[in-house]
Every structure is written in C-alpha cells, then in structure tokens.
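Q: predicted structure and sequence below. I'll ask about it afterward.
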Amino acid sequence: MIRVYTKERHISKIKQFLNSLNLKNEIYTIKDNPRDSNFNLGISYCYPRKIKEPLLSTPSKGFINFHPAPLPKYKGPNEYVDAINNKETHWGVTVHKMNEEYDKGEILRIKNIELHEAPNSIEELGSISHYFLFKLFKEIIIDYTQQ
C-alpha cells in the first residue's frame, strides 16, 4: 500500500498512474483526515505541510519527498524565487528520504534540467519543474515495484 500526501491538483494524475500499475493506494490532501493504518511507502508530493512523527515512522519502507527543485541548494518553499533571483540555468527536481528535518534526508535521485535561459517567472519555472517532477515520480514508483 502506497499512501500519498499531495495537493488537490495532483490527485488525478497520481491516482491514474498508480492504478495503471495496479498499486493499492490512498491519496490525501490537507483537507483530509487520514485514518490510522499501516502502509508500506509514504510519499509527500509537493505537500504543503511537514510530515511529523509518529506518521513519519509508520510506513515500513519510510517516507520519500518529491521536491520541485535541486537539493540541497534550493530547499524550502521559496525555491523558485531564489532561482529566478540567481538567474539559474542549471535546475533539477529531487526525491529524497524524509526525516524530521525539512528537506534534509538522504537524496535518492536528482533529475537535472538544463534551461536554455534563466526563467523569468515563478509560473514558468514551476511548469518546467512539475513536468519533470512527475516524470521522476513515475521512474521512482516503477523502481519501487521492481524491488
């Protein structure tokens, strides 16, 4: 069982992909109040809240976070503004193991993205990041199913 915590706008694509692989799943947003139950893998996919104990230790395979920026350089919620101010042309998205520190767990994979020019807006960089973040999500889930 995979339990995903995300924003409402990501639910349908995540659900459709997990169901296409016949993976049992539950998906929650900040509006939901999940029941206490065991699950194998916890996923934070752009979830706007910190996941804390005891939930963090509940899944047998731990929790992973999909972060729409390259860690450790761009952590936290202002990654796009910082990258735009830095005129960043080397970008990426990250998946990492979660621990109690925000965006600090072991990095599992970074998908590097070379931008042709520095982005001019949060919307532009956000679109690029989320396109590649979902590609990374699919890769990681496929790897997970083959373990």
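A: Now that the structure is in, tell me what you want to look at. Residues are numbered from 1 along each chain as shown.

Q: so, low pLDDT: which residues of this structure?
A: 147 (pLDDT under 70).

Q: show me where it has its helices.
A: 11-20, 79-85, 122-145 (DSSP state H).

Q: who's in contact with the shortest one?
A: What that stands for is helix 79-85. Helix 79-85 is contacted from outside by 67-69, 74, 91, 118-122, 125-126, 129, using CB atoms under 8 Å, 6 or more residues apart in numbering. For every residue, glycine as well, the C-beta is placed using N, CA and C.

Q: export the helices of the chain to JSON lines and tack on distance to Thr29 and mean neighbour count?
A: Output for the helices of the chain, formatted as JSON lines (distance: least, CB to CB, whole Å; neighbours: other CB atoms under 10 Å):
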{"stretch": "helix 11-20", "distance to Thr29": "7", "mean neighbour count": "14"}
{"stretch": "helix 79-85", "distance to Thr29": "21", "mean neighbour count": "17"}
{"stretch": "helix 122-145", "distance to Thr29": "16", "mean neighbour count": "16"}
